[in-house]
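*Asks:* What would the 3D arrangement of this be:
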Amino acid sequence: MKYVLGLLLFPVCAYTQVNMNVKAGASEKNIVMSLMFSYEVRRTFIEAGTIFHLDRRNPAYFGANIGMSFGSVAPFVGYYYRLKSNDKPKENYGVPNFGLRYQYAPEILKHFFLTAEVNYMDKMFFVLLGAKVPL
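*Replies:* Numbering: from 1, shown residues only. All right, here's what the predicted structure looks like:
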């Protein structure tokens, strides 16, 4: 029985990868950072993590994205929870996210991808540059 289960899971496991994405950039309000963990199966990916401003006046976002890679370009959509204040719960709510990512794997860095990403979320654009590291 365990051999049959192993044979069934082999095609899925052979094309999967877990990554950590670390990015920095800017929004229309201030400098932002992002930390995401993604799970890829062939060309489809699901990622979860946070995007946050480096000041206390602007909100942080916690959520997930799903998308598909077409060569070096990967469009994605997601949903994030906007956290601005624990004292004023009405300022915290969910927002959709739409984005486009370009990823490049230079010859020198065999297992790393350099990424450039544009997100539109909460009536703001986010531009992020960073690296994707396989775990």
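*Asks:* how about the helices in the chain?
*Replies:* Taking DSSP state H, the helices of the chain run over residues 2-14.
*Asks:* what about the protein, any weak spots by pLDDT?
*Replies:* Along the chain, segments meeting pLDDT under 70 span 1-14.
*Asks:* Okay, the closest residue to Phe45 other than its chain neighbours and Glu91: tell me how far apart.
*Replies:* Of all residues not flanking Phe45 in the chain, Ser38 sits nearest, at 5.1 Å (Cβ to Cβ, 6 or more residues apart in numbering). Where you see a C-beta, it was placed from the backbone N, CA and C, and this is true even at glycine. Here Ser38 is placed at a distance of 29 Å from Glu91 (Cβ to Cβ, to the nearest Å).
*Asks:* One more: Tyr81?
*Replies:* Using Cβ to Cβ, we find Tyr81 at a distance of 12 Å from Glu91.
*Asks:* got it, and Asp122?
*Replies:* 11 Å.
*Asks:* quick one: which of the two has more around it?
*Replies:* Per other Cβ atoms under 10 Å, whichever of Asp122 and Glu91 has more neighbours is Asp122, with 21 against 12.
*Asks:* Can you give me the neighbour number for the closest residue to the more buried one other than its chain neighbours?
*Replies:* Nearest in space to Asp122, with sequence neighbours left out and distances taken as Cβ to Cβ, 6+ apart, is Val95 at 4.5 Å. Counted with other Cβ under 10 Å, residues neighbouring Val95 total 16.
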